[in-house]
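Peer 1: sequence first, predicted model second:
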Amino acid sequence: MARHKHYATEQDDEPKMDISSLIDVCFLMLIYFLVTSAIQVRETDLKLQTAGDRRDPTPTEIQPLFIRVESSGLVSVGHGMGQQALDADPAVRELPLLGQALQLYQAASRSAMNRPLVQLWVDDGANQQRVVDVINALAAKEIDSIAFTDR
């Protein structure tokens, strides 16, 4: 008689489950929700204009600056009762007080959205070098609109 051998099969304690198809479905749902969702607009993305940012579209008129060069070398700004004597020494060629007045006038012109305009009156006996010094001061402040006037 022949003997039959029976082998006992091993039984797993934990059943195995293939979750790769479940992961595929999760990624497909994630992609679907990302594509179909709308992005919420943030406050920084909105184009708002606050009261401090408003600008008047029409520029304000600003009067041209009147510069007077005397025969003595005196450089003054303004005319009539508002005339101010600035630089009187013809030996000083830098004209520091005129430079300060030009800087203030240029800042006022920019805030009024205008181009700075200077009217220059030169006395007949004025030194040519003094006139060149005034024009150099204007060029240093990047003022290029100059009109020579006779009063």
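Peer 2: Thanks, I have it. Numbers count the residues shown, from 1 in each chain.

Peer 1: and stretch 18-36, average pLDDT?
Peer 2: For stretch 18-36, mean pLDDT is 91.

Peer 1: brain fart, stretch 142-151
Peer 2: On average, the pLDDT along stretch 142-151 is 83.

Peer 1: likewise for stretch 69-81?
Peer 2: 89.

Peer 1: may I have it exported as PDB, CA atoms only?
Peer 2: What follows is stretch 69-81, C-alpha atoms only, in PDB (Å, rounded to 0.1, in the frame of the first residue of the first chain):
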ATOM      1  CA  VAL A  69      20.700 139.300 -13.700                       C
ATOM      2  CA  GLU A  70      21.800 142.800 -12.900                       C
ATOM      3  CA  SER A  71      24.900 144.600 -14.200                       C
ATOM      4  CA  SER A  72      26.400 144.400 -10.700                       C
ATOM      5  CA  GLY A  73      26.200 140.600 -10.800                       C
ATOM      6  CA  LEU A  74      23.200 140.400  -8.500                       C
ATOM      7  CA  VAL A  75      20.900 137.500  -9.300                       C
ATOM      8  CA  SER A  76      17.400 137.800  -8.100                       C
ATOM      9  CA  VAL A  77      14.200 135.800  -8.400                       C
ATOM     10  CA  GLY A  78      10.700 137.100  -8.900                       C
ATOM     11  CA  HIS A  79       9.500 140.500  -9.900                       C
ATOM     12  CA  GLY A  80       7.800 143.500  -8.400                       C
ATOM     13  CA  MET A  81       7.300 143.500  -4.700                       C
END
